[in-house]
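# Predicted model and sequence below, questions to follow.
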Amino acid sequence: MSTGSPPTPLEAGRLEELAELLSGRRVVALSGAGCSTESGIPDYRGPTSARRSRSPVRYQEFMARPEARRRYWARSFFGWPSFAGARPNAAHRALADLEAEGVVVGVITQNVDGLHQAAGTRSFVELHGSLSRVQCMGCRADLPRDGFQELLESSNPDYRAGPGPLAPDGDADVTPEESAFRVPDCDRCGGILKPDVVFFGESVPAETLERSWRLYETGDVLLVLGSSLEVFSGRRFVLRASKEAKPLAVVNAGPTRADPVARVKIDGRLGDVIPRLAGALRVGSRV
């Protein structure tokens, strides 16, 4: 999502125009943080986002500095219970219905929260990975984030995690005594353990990008949902759609970098727009 004026009321004509554009076409959705804000997961750029006192963690710093890893995992330790408790909202559920009805052929998501698949979406690519997994940067062993939370708890008996104010990285806006926080290394090789997500300054894995392009190519139209497209990893799909003259539509609360080339742009909350879009396309929504 992007900063800007508050969302304007949804115009029926624009919704009909969007439904007409999508009708009879195979739709690939590209979703961003604005798809999950109504589930309680904050973003960095939305019109209602709180001003952040810190920048997102960067890959190079995380890998190079033990204190950066302690800071990240201490905050993640406190934020994980709230993040893991988030549930799909009306937009996620309606999008899954659109897939079940054959309108949407898949979702390329920039989100790392797993809410699309929790809502029932079957064909998806997690462009930036998932916070539900932790990976060793040495031997590439994987373990579930819930299991790693237990390791953090046993390694830090003086800390007690509980629901707290979430930050956009899925951690918490807290300031524990980070210098004393202990972060386990990989029990197989002693390597650095990192959430299985793409940090700022890190590239999307080639295999993930290849799967994303394969999914993109199955669609006749690209539907951008809840993303300002400030980050190139998502904007690349819009740039290709524009070059190929593939129809493009946008639903977002606030301006996006795709607005000048979009056939249809609706400024509004996804939890309002997507269920109504499903209805306009005569799809039975669970909302």
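On my side now, so go ahead. Numbering: from 1, shown residues only.

# Going by C-alpha atoms from here, please, whenever you check contacts or count neighbours.
Fine.

# where are the low-confidence patches of the stretch 151-287 of the chain?
Along the stretch 151-287 of the chain, the model assigns pLDDT under 70 to residues 161-178, 283-287.

# Start from the N-terminal end of it and give the strands.
In the stretch 151-287 of the chain, the strands defined using DSSP state E, counting those that start in this stretch lie at 193-197, 221-225, 248-252, 264-267.

# so how far is residue 277 from residue 211?
To residue 277, residue 211 is 27 Å away according to Cα to Cα, to the nearest Å.

# ok, now residue 120?
18 Å.

# out of these two, which sits in the busier spot?
A direct count of neighbours by other Cα atoms under 10 Å for residue 120 and residue 277 places residue 277 higher, at 21 against 17.

# who's in contact with that one?
Applying Cα atoms under 8 Å, 6 or more residues apart in numbering, we find residue 277 in contact with 15, 18-19.

# Which single one of the residues you listed is nearest to residue 58?
Of all the contacts of residue 277, residue 18 has the smallest distance to residue 58: 37.4 Å, by Cα to Cα.

# distance of that closest one from residue 180?
On the measure of Cα to Cα, residue 18 and residue 180 end up 53 Å apart.

# ok, now residue 145?
21 Å.

# Out of those two, name the residue with the larger neighbour count.
residue 145 (19 against 12).

# so the more buried one makes contact with residue 133?
Yes: assessed by Cα atoms under 8 Å, residue 145 is found in contact with residue 133 at 4.9 Å.

# Between these two, which contacts overlap?
Going by Cα under 8 Å, 6+ apart, residues that sit against residue 145 and also against residue 133 are residue 195.

# Domain map for the chain?
1-41+87-128+204-287, 51-85+131-197 (automatic domain parsing).

# Just name the most buried of the ones you listed.
Among these, domain 1-41+87-128+204-287 has the highest mean neighbour count (mean count of other Cα atoms under 10 Å), at a mean of 20.

# how about low-confidence regions in the stretch 1-150 of the chain?
Ranges of the stretch 1-150 of the chain meeting pLDDT under 70: 1-12, 44-54.

# mind listing the strands in it by residue range?
27-31, 104-109, 124-126, 129-136, 142-144.

# Tell me who's in contact with the closest residue to residue 146 other than its chain neighbours.
If the residues on either side of it in the chain are set aside, residue 146 comes closest to residue 132, at 7.3 Å by Cα to Cα, 6 or more residues apart in numbering. Residue 132 makes contacts with 113-114, 144-146, 195-196, as judged by Cα under 8 Å, 6+ apart.

# Having no further points to raise, I will conclude here.
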